[in-house]
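Colleague: Structure for the following, please:
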Amino acid sequence: MAKKQDLEKRRMDLMLRHVVELAREDFAKRYPGVDLGRTVALIAAYEEEENIGDVLTAMPTEACGLPLTTLVVVDGGDDRTADIVREMGVYALVFPVNLGHGVALRAGYNLCIESGVEYIITLDADGQNDPVEIPTMLQPLVDDESDFVVGSRRLGVDHTSDFVRKAGVVFFSTLVNVLTRSKLTDTSNGYRALRTSMLADVVPRCVQVQYQTSELIITAIRRGWRISEKPTIWHPRAHGTTKKGATALYGFRYLNVVVRTWLRER
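Modeller: Sure thing, here's the model as predicted:
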């Protein structure tokens, strides 16, 4: 049974790698010799045609005195997300099939690392994160006070009304703090500012297809990188419904990722 599972995992890893390579080849053809600059805003988007245009319109072109390039990883899908991104003149790394949020972000991280980018800010494609707050997230990296800044809706303002998910944020933050001896308030927030030298060390250890926020945080902490928080505003999803699935299933899977990552990194 174990041998069969190893074979299935190897097959899946090869399929994921092949799809990412196809996307990278298409990116290189569309943007030959591209220079992403020192600072990139990275967005992973799956079927967000109703939201991505407004998010990109709100994106600044400069933050903390540095030019800001926006890169969208389109994680497959059957809608016009990729078309809208390209029509707006934004760089798009497009997967031919859906691979998962974690895979999409890792592909974006690796592209930025290889391109010599120094800082990355990740935010969601659904309008829940406000691009106006990018300089606030980035400043601790520029000032060399931190290597990894996490946005915190608990320190800031949460305008959503799902009390079960709010309770989940508290629960998982408490669990991660107990396991890692840290003092974070929001360990499931996708709004992050990241130093690429940190990512170059951490990302090769990450394996999650989904629910990758806690994996990234726990691995970074255990590897000795400096991590801090900034208060942010958390808005309701602008249009459509969440891709995370039912709350109970999401919670179970997120718990599984937290425990498995801690066991791997302890």
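
Colleague: so where do the helices sit in the stretch 51-200 of the chain?
Modeller: 52-57, 81-87, 101-114, 134-142, 163-180, 196-202 (DSSP state H, counting those that start in this stretch).

Colleague: who touches residue 60 in this structure?
Modeller: 68, 131-132, 134-135 (C-beta atoms under 8 Å, 6 or more residues apart in numbering). Placement of C-beta: from N, CA and C, glycine included.

Colleague: For residue 116, state which of these is nearest.
Modeller: residue 68 (15.4 Å; C-beta to C-beta).

Colleague: quick one: contacts for the closest one?
Modeller: By C-beta under 8 Å, 6+ apart, the neighbours of residue 68 are 37, 39-41, 59-62, 121, 134.

Colleague: Make CSV out of these and add pLDDT and distance to residue 14.
Modeller: Putting those into CSV (pLDDT from 0 to 100; distance: C-beta to C-beta, whole Å) gives the following:
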residue, pLDDT, distance to residue 14
37, 97, 33
39, 98, 33
40, 98, 28
41, 98, 31
59, 97, 35
60, 96, 39
61, 96, 39
62, 97, 41
121, 98, 31
134, 98, 36
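
Colleague: Just the buried ones out of these, please.
Modeller: Among the contacts of residue 68, those scoring as buried are 37, 39-41, 59, 121, 134 (criterion: 16 or more other C-beta atoms under 10 Å).

Colleague: which one of these is nearest residue 233?
Modeller: residue 134 (12.4 Å).

Colleague: quick one, what contacts the closest residue to that closest one other than its chain neighbours?
Modeller: Distance criterion C-beta to C-beta, 6 or more residues apart in numbering; nearest residue to residue 134, sequence neighbours excluded, is residue 63 at 4.9 Å. Residue 63 sits next to 39, 121, 134-135, 138 when contact means C-beta under 8 Å, 6+ apart.
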